[in-house]
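Visitor: Give me a 3D structure for the following:
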Amino acid sequence: MTDPTQPPPNHRLRLVFAKKKQIKYIGHLDLVLAWERALRRAQIPLAYSKGFNPRPKIQVASSLPVGTTGSAEIMDIITTHLVDPAEALARIRPALPVGIELHSVEAIPLKAPTLQHLLRQADYRVMVETDLPVDELTRRIESLLAAAELPQTRQRKKQLETIDLRPWLHELAVESVEPGEVYLRMRLSAGQFGNLRPEEALKALGLADNWAEIERTRLIFELDEL
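Guide: You can find the predicted model right below:
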C-alpha cells in the first residue's frame, strides 16, 4: 500500500478499459473504488491527494450512468514512481474484478490537459426493443436530423428548464435490425460544453418507454480527428 506521506508525484498513466455487463448496475463511485482496490493489489505506486482524507489520484474521463456499459473507457492515474506501461498492464489485469477488462496502458506527460477538459463527444451503440417498422424509424431519425431545434425539458436544481438538444446530436442512424430489436449508432456531445444522453435521443424518437441496452463505444477528445 502506498504511503500518503510520499513525495510529490511525477508520472501519469492512461488506462483504456471496459465496463462489462456483469457490473453495469454499479455506480461511478463504486467503479472507482473497485479500481482503487485493484491498483493496490497490483502494487501500483499511487499518488494521493493531500488533506484530512487523502485519496488516490484517479481521474476518469466521464462517468458512466448506472445500467450503461462502456467498451473503451479512459482513466488517468498519477504515480509516485515510474512504472513501465507494459509491466503495469501485466500486473493490473490479474488484479481486476469480474466485469472490468483492461485494454491498454500508456504513459502520458504529467502536465497534459485533463481528460475532462478535452472531452467533446461520445459514440454509443444502443439496442432498443421495438416492433416499429424500420421505414418509420428511419423517417423519425431523418426528421430529427433535419430539425432546426429539438426542445426538451430537463429537471435541474428542483426546476424544469427547456433546452435545445439539436446542437448536441451529431449522428444518429440505424445500424442493424433483428426481430423485435433495432440497433442504433449515436454520436452525442459529452463533457463540459454540452452533454446529451442516449436516453434523451430515444425520447426524441418516441422510444423513451422501450427497453434499451446502451454501450458507450468511444470517447472523443478535442485533439482527436472527428
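
Visitor: residue boundaries of the strands in this protein?
Guide: 11-19, 58-60, 69-79, 100-108, 119-129, 151-156, 159-164, 169-178, 181-189, 212-221 (DSSP state E).

Visitor: What separation is there between Val98 and Leu119?
Guide: Val98 sits 28 Å away from Leu119, going by CB to CB, to the nearest Å. Where you see a C-beta, it was placed from the backbone N, CA and C, and this is true even at glycine.

Visitor: Give me the more crowded residue out of the two.
Guide: The neighbour comparison of Val98 against Leu119 (other CB atoms under 10 Å) goes to Leu119, with 22 against 8.

Visitor: buried sites along stretch 112-120?
Guide: Across stretch 112-120, burial judged by 16 or more other CB atoms under 10 Å covers 115, 118-120.

Visitor: Could you dump the residues you listed into a markdown table and include distance to Ile214 and pLDDT?
Guide: Converted to a markdown table, those look like this (distance: CB to CB, whole Å; pLDDT from 0 to 100):
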| residue | distance to Ile214 | pLDDT |
| --- | --- | --- |
| Leu115 | 21 | 92 |
| Leu118 | 23 | 93 |
| Leu119 | 18 | 96 |
| Arg120 | 19 | 95 |
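
Visitor: thought Glu222 was touching Gln116?
Guide: No. Using CB atoms under 8 Å, Glu222 is not in contact with Gln116; the gap is 11.2 Å.

Visitor: Give me the helix or strand of this structure that scores worst on average pLDDT.
Guide: In the chain, the helix or strand scored least confidently by mean pLDDT, DSSP states H and E is strand 151-156, which has a mean of 81.

Visitor: quick one: contacts of that one?
Guide: In this structure, residues lying in contact with strand 151-156 by CB atoms under 8 Å, 6 or more residues apart in numbering are 160-165, 200, 203-204.

Visitor: List buried residues within those.
Guide: Using 16+ other CB under 10 Å as the burial test, the contacts of strand 151-156 include 163, 165, 200, 204 as buried.
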